[in-house]
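Asker: predicted model and sequence below, questions to follow.
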Amino acid sequence: MVGVLCVGFAALDHVFGLNTMPQRAEKHVAHRFAAVGGGNAANAAVAIARLGGHAMLATRIGDDDIGTAILAGLTRDGVDVSLARRLKNHRSAISAILVDEAGERMVINYADQSMPDEVGDFPALIASDIRAVMADTRWEPAATAALTSIVAQGGAGVVDIDRPPRNPALLHAASHIVASAQALRTMTGIDDLSSALQAFRKTAPGWIAVTDSERGTFYWEDDHVRHSPAFPVTAVDTLGAGDVFHGAFALDLAEGMDERTAIRFASAAAAIKCTRFGGRDGAPFRSEVDQFLMSAS
C-alpha cells in the first residue's frame, strides 16, 4: 500500500440540497441534508484511502465537539490522523453549504484565524511508506516543510492552489502544482487559462496544471499547453470534486504513473463524485474508478 500525506484543512460540512440557489434573505426549505467531514486536505485524504492508498493527514483542529466529529469521520474512512493537532482553546472549522439542482454550491465557512502556524517536528514523523505529499494553502509553513521533505526524497509534492498562497515558497517547494481556474486567474490577472498558464510558469518552477470543472484540465508539457477533457456526467453535487481530484492525482503519482495517466485517473474519480450528493461522502472506491475507466475506453 503506497502512502500519501495530506497537509492542510479539515472541517465539518453541513450540506443543504435546494432546488435553486437563494436570491433573497428569507426562509428556504432544503430537500436534502448531509452532515459530513470536509476541507481540502481532509477530503483528499479520504479519497486516497478509498482508492486503496495509505492516507495520513496533518491538520489543525480545536479541542471542541466539532473537532471530535471531524476526527471520528476521518478515522471511519481509514485515514491515519496521528499527525492531527488538537489545539486547546481553539475552535474547529465548520461550513454551511448550499447545493442547487445543477450541482453548483455556495460555501459559507468559519475557520479560527488564531490557529498557530508552528510546524514543530512533524515532517520527521512522516511514515516510511509515504511516496507523495498533497498540500493545500491553509497551513502553509507545514505544507512547505512536508513538500520540501518529500521532493528531496524523490517523491511527488503536489500543492492544491484554490486561492493564492501567502508565501511563494509554497510554490517553489512543490514538484506539481494544480490550481483552480479562479485561483489562476486571480494570481495572473489573465482570463484565458492557456495564456494564464504560460504566465504562471515564469513564477512556478514545477509541473503546472489548472482544473476548470466540466471543461477539464489544462497543463504545461513540452513548452505547450495540453488539454485533458473531463468525463461527461450529470452533476448532482460538485462539492469536494476538486479535492477528490487532487487526492487521486497525488496517489497515482505515488504509484509511479505519469502525469497524463494521473490526470485521467483523477478526472474519473472526480466525475464519479459529482454524480453523488453529500460532499466527500460521494468519493468513489478504487473498483468504481477502474470500472468507470474501462467503460469509458
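Answerer: In hand now; what should we look at?

Asker: how about residue 78: what's its closest non-neighbour residue?
Answerer: residue 49 (4.1 Å; Cβ to Cβ, 6 or more residues apart in numbering). The way it works is simple: take the backbone N, C-alpha and C, and place the C-beta from them, glycine included.

Asker: all strands for the stretch 151-297 of the chain, in order.
Answerer: 156-161, 176-180, 207-211, 217-221, 224-228 (DSSP state E, counting those that start in this stretch).

Asker: correct me, but residue 198 touches residue 219?
Answerer: No - under the criterion of Cβ atoms under 8 Å, residue 198 makes no contact with residue 219, lying 11.9 Å away.

Asker: and those two? Which one has more around it.
Answerer: residue 219 (22 against 17; other Cβ atoms under 10 Å).

Asker: for that one, give the beta-bridge partners.
Answerer: Note on residue 219: beta-bridge partners residue 209, residue 226, judged by DSSP bridges.

Asker: tell me, what's touching residue 198 and residue 219 both at once?
Answerer: residue 225 (Cβ atoms under 8 Å, 6 or more residues apart in numbering).

Asker: so where's this structure shaky on pLDDT?
Answerer: 122-125 (pLDDT under 70).

Asker: ok, longest strand in it?
Answerer: The residue-count maximum for a strand in the chain (DSSP state E) belongs to strand 54-62.

Asker: distance from that one to the middle of the chain?
Answerer: 13 Å (Cα atoms, centre = their mean, to the nearest Å).

Asker: show me where the stretch 151-297 of the chain has helices.
Answerer: All helices of the stretch 151-297 of the chain, identified by DSSP state H, counting those that start in this stretch, fall at 169-173, 181-188, 193-200, 241-254, 259-274, 286-296.

Asker: got the CA positions of the longest one in PDB?
Answerer: What that stands for is helix 259-274. Provided in PDB are the C-alpha atoms of helix 259-274 (Å, rounded to 0.1, in the frame of the first residue of the first chain):
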ATOM      1  CA  GLU A 259       1.100  13.000 -15.200                       C
ATOM      2  CA  ARG A 260      -1.200  12.200 -18.200                       C
ATOM      3  CA  THR A 261      -2.300   8.900 -16.700                       C
ATOM      4  CA  ALA A 262      -2.700  10.500 -13.300                       C
ATOM      5  CA  ILE A 263      -4.900  13.300 -14.700                       C
ATOM      6  CA  ARG A 264      -7.200  10.800 -16.400                       C
ATOM      7  CA  PHE A 265      -7.500   8.700 -13.200                       C
ATOM      8  CA  ALA A 266      -8.200  11.800 -11.100                       C
ATOM      9  CA  SER A 267     -10.700  13.100 -13.600                       C
ATOM     10  CA  ALA A 268     -12.600   9.800 -13.400                       C
ATOM     11  CA  ALA A 269     -12.700   9.900  -9.600                       C
ATOM     12  CA  ALA A 270     -13.900  13.500  -9.600                       C
ATOM     13  CA  ALA A 271     -16.500  12.700 -12.200                       C
ATOM     14  CA  ILE A 272     -18.000   9.900 -10.200                       C
ATOM     15  CA  LYS A 273     -18.000  12.100  -7.100                       C
ATOM     16  CA  CYS A 274     -20.000  14.800  -8.900                       C
END
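
Asker: neighbouring contacts of that helix?
Answerer: 47, 51, 103, 176, 207, 209, 216-217, 219, 221, 228, 230-231, 233, 235-238, 240-242, 244-249, 252-253, 257, 280, 282-284, 288-289, 292-293, 296.

Asker: ok, back up a step: tell me what the longest strand of the chain is packed against?
Answerer: strand 3-8, helix 40-50, helix 65-76, strand 85-87 (3 or more Cβ pairs under 8 Å, 6 or more residues apart in numbering; DSSP states H and E).

Asker: report the angle between that strand and helix 241-254.
Answerer: 140 degrees (axes from the mean of the first three to the mean of the last three Cα atoms, to 10 degrees).

Asker: dump strand 54-62 to CSV, restricted to CA.
Answerer: Provided in CSV are the C-alpha atoms of strand 54-62 (Å, rounded to 0.1, in the frame of the first residue of the first chain):
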residue,chain,number,x,y,z
HIS,A,54,-2.4,4.7,3.0
ALA,A,55,-3.7,8.2,3.7
MET,A,56,-2.1,10.3,6.5
LEU,A,57,-3.5,13.8,7.4
ALA,A,58,-1.6,16.6,9.2
THR,A,59,-4.1,19.3,10.2
ARG,A,60,-5.0,21.7,13.0
ILE,A,61,-8.4,21.4,14.8
GLY,A,62,-9.8,22.7,18.0
